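Participant: Sequence plus predicted model, see below.
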Amino acid sequence: MFALLAHVGGTTGAVAEELTAVWHAVSEDSRRWEPLTDEALWAGVEERMDNVSELWAWFARRDLAKPEAAALFRDIELTREPVEETMTAAQYIAQIRTTNSYLHLSPDEQQHLEKSSAAVIEAHGGTFPTAYSAVLVTALRA
């Protein structure tokens, strides 16, 4: 069995737009990210459930899809647990520090991202509501 774990979705509104702009300023790779509505996110999932590679590329927003992966894995299942919480700047920074996108930044870019993100959140009262899904994707080797 093959298993992938992720947090997908997230905030919408002014805070999300400003945090996305911070990422865009720091990471060229992030410029293709735009917050999706839940409806668009899960519709995209449904369209990709026959190829685990395409599904994961959709979640990661990276060019990872390999058509041949559809023949390598079967019985793709997705489990998701909705999470709603109010995050502080420290919690947000702790979460982004675990992401592949953050880990690929230089130390200077990481520092800029953290300081700018904290400034955005502090400008909105020090916390912001977020809603996302913890996702587990499993597939069996064909």
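Facilitator: Noted; the coordinates are in hand.

Participant: could you pull out the helices for this protein?
Facilitator: 14-26, 38-47, 52-60, 69-72, 89-96, 100-103, 107-123 (DSSP state H).

Participant: So for the last one, mean pLDDT?
Facilitator: By that I understand helix 107-123. Helix 107-123 shows a mean pLDDT of 97 in the predicted model.

Participant: Equivalent analysis for the second one, please.
Facilitator: Mean pLDDT, taken over the full extent of helix 38-47, equals 91.

Participant: what's in contact with it?
Facilitator: 8-9, 36, 55, 58-59, 78 (Cβ atoms under 8 Å, 6 or more residues apart in numbering). C-beta coordinates here come from the backbone N, C-alpha and C atoms, glycine included.

Participant: show me the contacts for the residue nearest to H7 when sequence neighbours are not counted.
Facilitator: Distances taken as Cβ to Cβ, 6 or more residues apart in numbering put Y132 closest to H7, at 5.2 Å, once the chain neighbours are dropped. When contacts are counted by Cβ under 8 Å, 6+ apart, Y132 is found next to 7-10, 82-83.

Participant: What of V83?
Facilitator: Per Cβ under 8 Å, 6+ apart, neighbours of V83: 7, 131-134.

Participant: how close does it get to G44?
Facilitator: Distance, V83 to G44, using Cβ to Cβ, to the nearest Å: 19 Å.

Participant: same check, this time on A16
Facilitator: As judged by Cβ to Cβ, A16 and G44 stand 18 Å apart.

Participant: One more: D38?
Facilitator: The value you get for D38 to G44, if Cβ to Cβ is used, is 11 Å.

Participant: swap in R74?
Facilitator: From R74 to G44 the distance is 21 Å (Cβ to Cβ).

Participant: and V15, what does it touch?
Facilitator: Counted by Cβ under 8 Å, 6+ apart, V15 has contacts 120-121, 124, 128.
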